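Chemist: Output the structure for:
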Amino acid sequence: MDRVKRPDKRAERSRRTHEKIVAAARELFVLQGYGATSLQEVADRAGVAVQTVYFVFRNKRTLFKDVVDASIAGDTEPVATMDREWFRAACDEPTAAGHVRAHVRGASEVLGRVAPIMPLIAAASATDPEIAALWPDGADPRYTVQYAAAEALVGKPDARPGVSVEMAADLLYGLLSPELYLIFVRDRGWSPDRWEEWARTALTSQLCADPG
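Modeler: This is a model prediction of the structure:
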């Protein structure tokens with residue numbers, strides 16, 4: 001008789017603890033800044049011993065990187081953006097217009113999580129120069145994602161003629177940037193829905209052929 005594989009309760013507890021600590025750290029970093037937040041405060045908010053925080057993350061720098069990574073992904077699972085369901089579903093859209101709509105929708109959700117912590121990265125790097133070393137030099141991961149989206153988009157039947165992959169990638173990279181999102185949503189008071197509609201309209205006009 002086949003054995004039924006039982007859930008690994010220890011692994012599940014570890015996952016939940018990891019998520020609680022990351023969520024608590026994000027709240028505190030956003031509220032009071034990276035430099036002003038201690039691991040003891042994170043532990044208290046997460047409801048765990050500070051030794052647990054050190055055991056899981058070793059130090060505050062590693063915890064901060066996990067906060068940033070989880071904000072981009074929406075969870076703590078080690079799944080790259082280009083392997084995420086929303087990104088793959090957008091690329092599978094049969095038309096360029098559908099692709100833009102789905103891609104902007106997914107990007108809007110990501111930016112809603114990431115944009116608030118972007119100022120923290122600069123501030124944390126100023127407080128702790130070793131923060132920058134947590135992200136190796138090389139190709140910008142955000143541009144890599146947008147380039148992959150552009151490659152999938154420009155070959156679709158209603159893509160705007162003459163728009164290269166490089167141009168499409170630049171437009172996606174620029175218009176869907178956290179910096180631009182913050183200008184509209186934080187500085188100018190736009191709602192995320194208004195920003196999403198604007199970004200979709202702007203990108204559709206640039207990347208899709210005129211209807212008719």
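
Chemist: And the helix or strand of the chain with the lowest mean pLDDT, what does it pack against?
Modeler: Taking mean pLDDT, DSSP states H and E as the measure, helix 118-127 is the helix or strand of the chain with the lowest mean score, a mean of 80. Where contact means 3 or more CB pairs under 8 Å, 6 or more residues apart in numbering; DSSP states H and E, helix 118-127 is packed against helix 9-32, helix 178-182. Where C-beta positions appear, they are placed from N, C-alpha and C, glycine not excepted.

Chemist: What helices and strands are in contact with the last one?
Modeler: Contact partners of helix 178-182 among helices and strands, from 3+ CB pairs under 8 Å, 6+ apart: helix 96-114, helix 118-127.

Chemist: Would you mind giving the ones you listed as TSV with mean neighbour count and distance to Pro157 added?
Modeler: TSV is the format used below for the helices and strands packed on helix 178-182 (neighbours: other CB atoms under 10 Å; distance: least, CB to CB, whole Å):
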stretch	mean neighbour count	distance to Pro157
helix 96-114	21	8
helix 118-127	16	36
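
Chemist: of all those helices, which lies closest to Leu31?
Modeler: helix 118-127 (10.5 Å; CB to CB).

Chemist: List the contacts of the closest one.
Modeler: In this structure, residues lying in contact with helix 118-127 by CB atoms under 8 Å, 6 or more residues apart in numbering are Phe29, Val30, Gly33, Tyr34, Gly35, Phe64, Val68, Ile131, Ala132, Pro178, Glu179, Leu182.

Chemist: how near is the third one to Thr144?
Modeler: Going from Gly33 to Thr144 by CB to CB, to the nearest Å gives 29 Å.
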